[in-house]
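> Pasting the sequence and the predicted coordinates here, then a few questions.
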Amino acid sequence: MKSLKKTLALVLSLVMLVSVMAVPAYATEGPSKTTVAATQFTEAVEVKVDSVTYNGSTQTGKVTVTFNGKTLVEGKDYKITKPATGTDTGNYTVEIEGIGDYAGKATGTFTIKANPKGKKSAKATIKAKKASVKLGKKKATAKINVKIKAKNNKAQPIYKIKAYPKKTKAKQKKLVTINQKTGKITFKKGAKKGTYKIKVTIPRYNNFKGATKTITITLK
């Protein structure tokens, strides 16, 4: 009887051991995760920005991004790394970067157009007087006497020699220089005496018109 009990106990132990071994190893593991690679932007991605008209203030254009015909969502599919923001007229570069299911970078153009109507106060004016200077033993200098009114126009005036006295030789032209920013003109020894024409220009700035004026300086 004792031998039979021992035999039954041994059989039961073997059955339990086989049951434990038969349990799949993955039963104790969590669910598997599959990683999907982000889709890279290609030439198919388009970054479009609505253009605006210059108004003197800082403006931001509306950005629309499409990829393979699908309109992407900002904050979900992409982020703007360089915004479509500007004040002056011209073109600005906009940059985006893919996020979420997308990766890579792309650029677009934001344009601020000039206002075709313009403004009455935009016209710049230049008033200037004739001047004369006497050449010394070494050199002579003169500052062009101009008055500039350029309301709303922040462009800096540019000074340039437009014409030299008649029969001025090339080597004599090299003896006359002018600072394009300050208008200071320098005549070195040997410079041709006579009348020089100086062109003063205020470039067009944004939506504001520029102006030009020609004045004369006589070297004696």
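Noted; the coordinates are in hand. Numbering: from 1, shown residues only.
> Mind telling me what element the residue nearest the centre of the chain is part of?
In the chain, the C-alpha nearest the mean C-alpha coordinate belongs to residue 92, at 4.6 Å (CA atoms, centre = their mean). Element membership of residue 92 [criterion: DSSP states H and E] is strand 90-98.
> Could you identify the helix or strand that succeeds that strand?
Next element after strand 90-98 (DSSP H and E): strand 102-103.
> The helix or strand that that following strand is followed by packs against which elements?
Downstream of strand 102-103, the first helix or strand assigned by DSSP H and E is strand 105-113. Counting contacts by 3 or more CB pairs under 8 Å, 6 or more residues apart in numbering; DSSP states H and E, strand 105-113 is packed against strand 45-49, strand 52-53, strand 85-86, strand 90-98. The C-beta positions use only the backbone N, C-alpha and C, and glycine is treated the same way.
> Can you tell me which of those has the worst average pLDDT?
Ranked by mean pLDDT, those bottom out at strand 52-53, with a mean of 88.
> That one pairs with which strands?
strand 105-113 (parallel) (DSSP bridges).
> From the contact counts, what lies against whatever helix or strand comes next after the partner strand?
Going down the chain from strand 105-113, the next helix or strand is strand 125-128, by DSSP H and E. Helices and strands touching strand 125-128, by 3+ CB pairs under 8 Å, 6+ apart, are strand 146-149, strand 194-202, strand 211-219.
> who touches the strand holding residue 92?
Contact partners of strand 90-98, identified using CB atoms under 8 Å, 6 or more residues apart in numbering, comprise 38-41, 47, 49, 61, 63, 65, 77-86, 104-112.
> And those, which of them are buried?
41, 47, 49, 61, 63, 65, 77-78, 80, 84, 86, 106, 108, 110-112 (16 or more other CB atoms under 10 Å).
> Pick the one among those residues closest to residue 214.
residue 112 (32.3 Å; CB to CB).
> hang on, the closest one packs against residue 86?
Yes. The pair residue 112 / residue 86 is scored as a contact, 5.3 Å apart, by CB atoms under 8 Å.
> Alright, calling it a day.
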